[in-house]
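1. give me a 3D structure for the following:
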Amino acid sequence: MRRLRDTVCPERRGFSRIPKPDCSRGESGRELTVHSHRCAILESVTDAPKSRRAMLEEFLAANPDDAFARYGLAMECVNAGDDAAAEDHFRRLLSSHPEYLYGYFHYGQLLLRGSRGSEAQELFRQGVAAAKKAGEAHALSELEAALEDAVASQQ
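-> Next comes the predicted model:
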């Protein structure tokens, strides 16, 4: 997010506390626009709120093996309607963390919405096997129910 911040031009107003920048360029080298003896500096605001997706992308750049962040980013992509990016993140999540059971369920749901029922069924089957291996009864029941629904919708 960017914000226009106006500052009184020290060359025109004579403020002694503010270092005098060149009126065509700011101290940091940013372009300045002179308007009625005022310099307008277009700068990034560091305290501007970032989107969850941007924060997760930043975090993953520093910690690419973090399963929770990868899952969160995939879900943010789903919520934003960016199915291609969501699919990429789900694939990367499950290839590096096959024990992350929520990934199977939500990736399968994404595939179902995209009319890819047979792929979703296979993914749910993989999730069922992973849930059995992990001994996660709740996840197992949800994945089995999702598999049954996917099979029923294909008939």
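2. check which element follows the worst-scoring helix or strand of the chain on mean pLDDT along the chain.
-> Among the helical and strand segments of the chain, the one scoring lowest on mean pLDDT, DSSP states H and E is strand 38-44, with a mean of 37. Downstream of strand 38-44, the next assigned helix or strand under DSSP states H and E is helix 52-62.
3. which parts of that next one are buried?
-> Buried residues in helix 52-62, counted by 16 or more other C-beta atoms under 10 Å: 53, 56-57, 59-60. Backbone N, C-alpha and C define where each C-beta goes, glycine included.
4. what does the pLDDT read for residue 94?
-> Here, the pLDDT recorded for residue 94 equals 97.
5. so which strand or helix has it?
-> helix 83-96.
6. report all helices and strands that the helix or strand following that helix contacts.
-> Going down the chain from helix 83-96, the next helix or strand is helix 101-113, by DSSP H and E. With contacts taken as 3 or more C-beta pairs under 8 Å, 6 or more residues apart in numbering; DSSP states H and E, helix 101-113 sits against helix 67-80, helix 83-96, helix 117-134, helix 137-154.
7. which one of the ones you listed lies nearest to residue 102?
-> helix 67-80 (6.2 Å; C-beta to C-beta).
8. how many other residues sit next to the residue nearest to residue 77 when sequence neighbours are not counted?
-> Leaving aside its chain neighbours, residue 77 sits nearest to residue 86 (3.7 Å; criterion: C-beta to C-beta, 6 or more residues apart in numbering). Residue 86 has 21 neighbours, counted by other C-beta atoms under 10 Å.
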